[in-house]
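Engineer: Structure, please.
(one chain, ligands or ions: 2)
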Amino acid sequence: MRIAATADLHFTPQRYGALRDQLNRVRDEADIFVVAGDLTNFGQPEEMEPLLNALVRLRVPVVVVLGNHDYESDKQSDLIRMLTDAGVKVLDGSAYERDGVGFAGTKGFVGGFGRGMLTAFGEPEIKTFVRAGIDEAVKLERAMSQLRSPKRVVVLHYSPIAATVDGEAREIYPFLGTSRLAEVVDRHGADLVLHGHAHNGKPDGKTTAGVPVHNVAITLLQAQNPSKVYRVFDI
Ligand SMILES: [Fe+2]
Ligand SMILES: [Fe+2]
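Structural biologist: Ligands and ions are numbered 1, 2, ... in the order given. A predicted model of the protein is given here:
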């Protein structure tokens, strides 16, 4: 299966003009289109509407997770309903199988990497904050345990490893993802992990167990030569 993946569209109709020609090629180059979060800037249904029109016109199956920007207006449930009604598969602690390939996805959360990972110690506010990251890891666990397919793809918005956020300011690493997600990936095993959020990160990395992780933020894809708006993975 050929998987075209992108993230961080932060969609506006004005931006779409620049993407349209390349996006229209998706159905020739891939069997499925993955968008790893930050579909909108402010999570408003009015922003989702034109994006949905564009996605439907691609005429390929579309799988997405939401990103932090899609939560900004607290209308994520409305956005999920709009996407689902248009036939887009929204992964939110859930799984989807197609042609022998399983997709497990969730937004993920912040929290830091490796020895720098924040733990649930001290003030209740810290515990609540850390709990949100643990909850997302549990959702990923649930999604991955539903997969029965030989091939497995994980879709996240936040990064599960530090390597693919490298390039961002070190001070913000803890806000770009958390190793808690990678622990789940390594426990269950996967062929491919796709994420976004770190607009200035690096495209390629691996988990401790060697699962390939790719940051498909559109800013990174566009910075490559030749400039792309999605990257195709063959699995
Ligand atoms: Fe983003
Ligand atoms: Fe983001």
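
Engineer: Show me what from the chain comes close to ligand 1.
Structural biologist: Residues of the chain lying near ligand 1 by CB under 5 Å from the ion: 8, 38. Placement of C-beta: from N, CA and C, glycine included.

Engineer: Residue nearest the middle of the chain, spatially speaking?
Structural biologist: residue 36 (2.6 Å; CA atoms, centre = their mean).

Engineer: need the contact list for the closest residue to that one other than its chain neighbours.
Structural biologist: Spatial nearest neighbour of residue 36, chain neighbours left out: residue 7 (3.7 Å); criterion: CB to CB, 6 or more residues apart in numbering. Listed by CB atoms under 8 Å, 6 or more residues apart in numbering, the contact set of residue 7 reads 35-38, 67, 157, 194-197, 215-218.

Engineer: and residue 7, backbone torsions?
Structural biologist: phi -160, psi 170 (degrees, to the nearest 10).

Engineer: Residue of this protein closest to ligand 2, please.
Structural biologist: Proximity to ligand 2, evaluated over the chain using CB to the ion, is greatest for residue 197 at 3.8 Å.

Engineer: just checking, that residue touches residue 66?
Structural biologist: No - taking contacts as CB atoms under 8 Å, residue 197 lies outside contact range of residue 66: 11.3 Å.

Engineer: Now for this structure, the helix or strand with the poorest mean pLDDT.
Structural biologist: When the helices and strands of the chain are scored by mean pLDDT, DSSP states H and E, helix 13-23 comes last with a mean of 87.

Engineer: how about residue 213, secondary structure?
Structural biologist: strand (DSSP: H, G, I helix; E, B strand; the rest coil).

Engineer: Number of residues surrounding it?
Structural biologist: Neighbours of residue 213 under the rule other CB atoms under 10 Å: 26.

Engineer: Quick check: the gap between it and residue 119.
Structural biologist: 23 Å (CB to CB, to the nearest Å).

Engineer: cool, residue 27 as well?
Structural biologist: 45 Å.

Engineer: Looking at those two, which one has more neighbours?
Structural biologist: Counted by other CB under 10 Å, residue 27 and residue 119 do not tie: residue 27 has more neighbours, with 14 against 11.

Engineer: Apart from its neighbours in sequence, what residue is nearest that one?
Structural biologist: Per CB to CB, 6+ apart, closest to residue 27 is residue 60, 4.8 Å.

Engineer: Would you confirm that that neighbour contacts residue 30?
Structural biologist: Yes - Residue 60 is within contact range of residue 30, at 6.5 Å (criterion: CB under 8 Å).

Engineer: list the residues that contact both of these two?
Structural biologist: residue 4.

Engineer: who's more crowded, those two?
Structural biologist: residue 30 (22 against 15).

Engineer: Correct me if wrong: the more buried one contacts residue 3.
Structural biologist: Yes - with contact defined as CB under 8 Å, residue 30 counts as touching residue 3 (6.2 Å).

Engineer: Quickly list what's touching both of the two.
Structural biologist: Taking CB under 8 Å, 6+ apart as the contact rule, residue 30 and residue 3 both touch residue 232.

Engineer: Wait, residue 222 touches residue 216, no?
Structural biologist: No - the criterion here is CB under 8 Å, and residue 222 misses it with residue 216 at 11.2 Å.

Engineer: more neighbours, those two?
Structural biologist: The residue with more neighbours, out of residue 222 and residue 216, is residue 216; 26 against 15, by other CB under 10 Å.

Engineer: Following element in sequence after the longest helix seen in the chain, please.
Structural biologist: If you go by DSSP state H, the chain has its longest helix at helix 124-145. For helix 124-145, the following helix or strand on the C-terminal side (DSSP states H and E) is strand 151-155.

Engineer: buried ones in that following strand?
Structural biologist: By neighbour count on 16 or more other CB atoms under 10 Å, the buried set for strand 151-155 is 151-155.
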